[in-house]
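*Asks:* got a predicted structure here, sequence first:
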Amino acid sequence: MKKLLFVTSLIVLLLMMALPVMAQEPGGSSEGGRVVFGSNFTLEEGDVIKGDVVVFGGNFEMEAGSKVKGDVVVFGGNVNIAGEVKGDVAGIGGNIYIDEAGAVKGDVVGLGGQIEIAEGADVSGAVGEGPEFSFGEEGFSFEIPPIPTIAAPHLAPDAPEPPQTPELPRPHRPPVGPKVEGISHTGSSFFSWLARFIGDGIVGIFWAIILGGLSVLLVLFFPAHIRAIEDTLSKAAPMSFALGVVTLAATAALVALLALLFWLLIPVCGIFVVGLLWMLAMFAGWTVVGKLLGNKIFSAFGNSNASYISTTLLGVTVLTLISTMPFLDQLPGLGWMFGFAGGIVGFLASSAGLGAVVLSRFGARRYQTGASDALLSAKTAPPEMNDERRTTNDE
């Protein structure tokens with residue numbers, strides 16, 4: 001149980017980190033700072049942020065007339081400043097460009113990228129670049145700063161002058177574009193990869209929890225239908241999976257058929273209805289598979305009496321995380337393996353759940369095998385016949 005509480009606490013902590021991003025809206029004046037994960041962020045003309053700006057895994061751009069009354073820190077993205085920054089500007093894993101209309105009252109520091117300041121730009125503080133790291137197609141490399149010359153010590157008048165250490169040449173670097181027009185950063189910097197790794201992982205966990213919450217609402221509003229689908233999946237899992245695979249293939253064919261037959265009459269309506277039914281069936285099936293998984297997890301921890309709300313929330317969240325593999329799918333060299341394994345799990349779960357929904361007619365009836373029906377009729381038929389014979393004899 002302690003392990004379960006630890007995992008749940010970790011997920012809640014990551015969710016709290018992502019909630020400020022969802023609550024913020026671009027544009028206008030903001031009294032607090034901004035934190036953005038996994039997307040580009042642009043301050044338009046007239047926008048004012050009274051605080052710091054932190055961007056993970058995306059580009060940051062300030063148009064002329066915008067202001068940031070704090071520091072600007074960008075991980076894994078390019079920085080384009082055409083407005084006014086009251087504090088420092090720092091870029092890790094990306095390039096920094098200060099436009100001629102830009103003004104930075106503090107320092108400009110870059111790590112793993114280039115710094116370019118246009119003529120006419122106002123930078124009050126120091127400007128410095130750290131060593132540049134890259135993980136490109138040619139392997140790992142980094143830029144070595146120039147080695148300073150060594151002054152000769154006090155020597156005798158006839159002693160030869162020691163040779164000075166030559167300065168190592170700096171590798172050629174491509175020029176920095178003057179603006180960042182909303183193009184996502186796809187550089188090979190290690191810091192860029194790390195920022196995308198953290199940002200995408202947190203977003204994946206957040207959406208898994210959201211899907212788990214929506215599944216709880218489905219169970220609350222349609223408990224009888226969910227129980228019928230769950231009972232069907234438990235009794236006929238192989239048949240549910242086979243029917244689910246057929247349904248997935250037939251749905252695409254049905255949509256194409258509707259588009260061909262009813263193009264002049266109800267093309268949009270027909271396709272919309274089929275798509276809506278398909279989405280509802282997929283969601284209901286995913287919820288049932290997650291609920292069964294939640295029951296297994298709680299039973300493994302010795303709690304077989306957990307509420308259906310807890311089992312649904314935990315099971316759907318874990319099932320979604322397993323199928324999407326946040327964090328793991330971005331590991332260098334191994335990410336594709338985790339992504340492929342997660343895709344297989346998602347296909348199996350969605351197919352089995354969809355087939356159970358179809359077999360139970362969206363939970364309208366419970367599925368019964370033919371053998372159980374025959375056995376039930378065989379047990380109930382003789383007493384009825386005996387009663388009829390007994391009645392005839394009495395007469």
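*Replies:* Noted; the coordinates are in hand. Numbers count the residues shown, from 1 in each chain.
*Asks:* ok, Ala101 - contacts?
*Replies:* Shown in contact with Ala101 (C-beta atoms under 8 Å, 6 or more residues apart in numbering): 64, 82-83, 120-121. Using the backbone N, CA and C atoms, a C-beta is placed for each residue, glycine as well.
*Asks:* what's the answer for Val55, then?
*Replies:* Counting by C-beta under 8 Å, 6+ apart, Val55 has contacts 35-36, 41, 73-75, 77.
*Asks:* ok, now with 6 Å
*Replies:* By C-beta atoms under 6 Å, 6 or more residues apart in numbering, the residues touching Val55 are 36, 41, 74, 77.
*Asks:* doesn't Gly94 make contact with the last one?
*Replies:* Yes - if you go by C-beta atoms under 6 Å, Gly77 and Gly94 touch, sitting 4.7 Å apart.
*Asks:* so which of these two has more stuff around it?
*Replies:* A side-by-side neighbour count of Gly77 and Gly94, using other C-beta atoms under 10 Å, places Gly77 first with 32 against 28.
*Asks:* buried residues in stretch 338-350?
*Replies:* 338-339, 342, 346, 349-350 (16 or more other C-beta atoms under 10 Å).
*Asks:* so which of the contacts of Ala101 is the most crowded?
*Replies:* Gly83 (25 neighbours).
*Asks:* low-confidence ranges, the chain, go.
*Replies:* For the chain, residues meeting the criterion pLDDT under 70 lie at 1-32, 129-190, 252, 254-274, 367-395.
*Asks:* which residues sit against stretch 351-364?
*Replies:* Under C-beta under 6 Å, 6+ apart, the answer for stretch 351-364 is 225, 228-229, 232-233, 240-241, 243-245, 247, 281-282, 284-286, 288-289, 367.
*Asks:* these in strands, which ones?
*Replies:* Assignment to strands by DSSP state E places none of these there.
*Asks:* just want the phi and psi numbers for Ala236.
*Replies:* Main-chain torsions, Ala236, degrees, to the nearest 10: phi -140, psi 60.
*Asks:* what about the longest helix in the chain?
*Replies:* helix 267-300 (DSSP state H).
*Asks:* beyond it, next helix or strand please.
*Replies:* helix 308-324 (DSSP states H and E).
*Asks:* between helix 267-300 and the following helix or strand past that next one, find me the angle.
*Replies:* Next along the chain after helix 308-324, taking DSSP H and E as the criterion, comes helix 335-359. If you take axes from the mean of the first three to the mean of the last three C-alpha atoms, to 10 degrees, helix 335-359 sits at 100 degrees to helix 267-300.
*Asks:* can you list the residue ranges for helices in the stretch 51-200 of the chain?
*Replies:* 190-221 (DSSP state H, counting those that start in this stretch).
*Asks:* now do the buried residues in the longest helix of the chain.
*Replies:* 270-271, 274, 278, 281-295, 297-298.
*Asks:* can you work out which other helices and strands pack against it?
*Replies:* helix 223-235, helix 237-261, helix 308-324, helix 335-359 (3 or more C-beta pairs under 6 Å, 6 or more residues apart in numbering; DSSP states H and E).
*Asks:* between it and helix 308-324, how many degrees?
*Replies:* 110 degrees.
*Asks:* between helix 223-235 and helix 267-300, find me the angle.
*Replies:* Going by the same axes, to 10 degrees, helix 267-300 makes 70 degrees with helix 223-235.
*Asks:* what sits against Phe75?
*Replies:* Per C-beta under 6 Å, 6+ apart, neighbours of Phe75: 56, 92, 195.
*Asks:* counting neighbours, what do you get for the second one?
*Replies:* Ile92 is surrounded by 22 other residues when neighbours are defined as other C-beta under 10 Å.
*Asks:* Ile117 too?
*Replies:* Other residues close to Ile117 by other C-beta under 10 Å number 18.
*Asks:* circling back to that earlier point, most neighbours, which of the contacts of Val55?
*Replies:* Gly77 (32 neighbours).
*Asks:* residue contacts, the nearest residue to Gly70 once chain neighbours are set aside?
*Replies:* Distances taken as C-beta to C-beta, 6 or more residues apart in numbering place Asp52 nearest to Gly70, at 3.9 Å, with adjacent residues excluded. By C-beta under 6 Å, 6+ apart, the contact set of Asp52 is 33, 70-71.
*Asks:* closest to Val203 among these?
*Replies:* Gly33 (19.6 Å; C-beta to C-beta).
*Asks:* and that closest one, how far is that from Pro223?
*Replies:* Separation of Gly33 from Pro223 (C-beta to C-beta, to the nearest Å): 44 Å.
*Asks:* those two: which has the busier surroundings?
*Replies:* Taking neighbours as other C-beta under 10 Å, Gly33 and Pro223 compare with Gly33 leading, 17 against 12.
*Asks:* surely the more buried one and Val54 touch.
*Replies:* No - contact criterion C-beta under 6 Å: Gly33 and Val54 do not qualify, at 7.1 Å.
*Asks:* for Ile98, state which of the buried residues of stretch 338-350 is nearest.
*Replies:* Gly339 (38.8 Å).
*Asks:* residues contacting the closest one?
*Replies:* Here Gly339 is in contact with 325, 329 (C-beta under 6 Å, 6+ apart).
*Asks:* cool, Met279 as well?
*Replies:* No contacts exist for Met279 under C-beta under 6 Å, 6+ apart.
*Asks:* please parse the chain into its domains.
*Replies:* 14-142, 206-374 (automatic domain parsing).
*Asks:* now those as TSV including distance to Phe191?
*Replies:* Listed next are the domains of the chain as TSV, based on distance: least, C-beta to C-beta, whole Å:
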stretch	distance to Phe191
domain 14-142	3
domain 206-374	14
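*Asks:* indicate which one of these is closest to Gly199.
*Replies:* domain 14-142 (3.6 Å).
*Asks:* ok, Trp63 touching Glu45?
*Replies:* If you look again at residue 63, you'll see it is Glu, not Trp. Yes - the pair Glu63 / Glu45 is scored as a contact, 4.9 Å apart, by C-beta under 6 Å.
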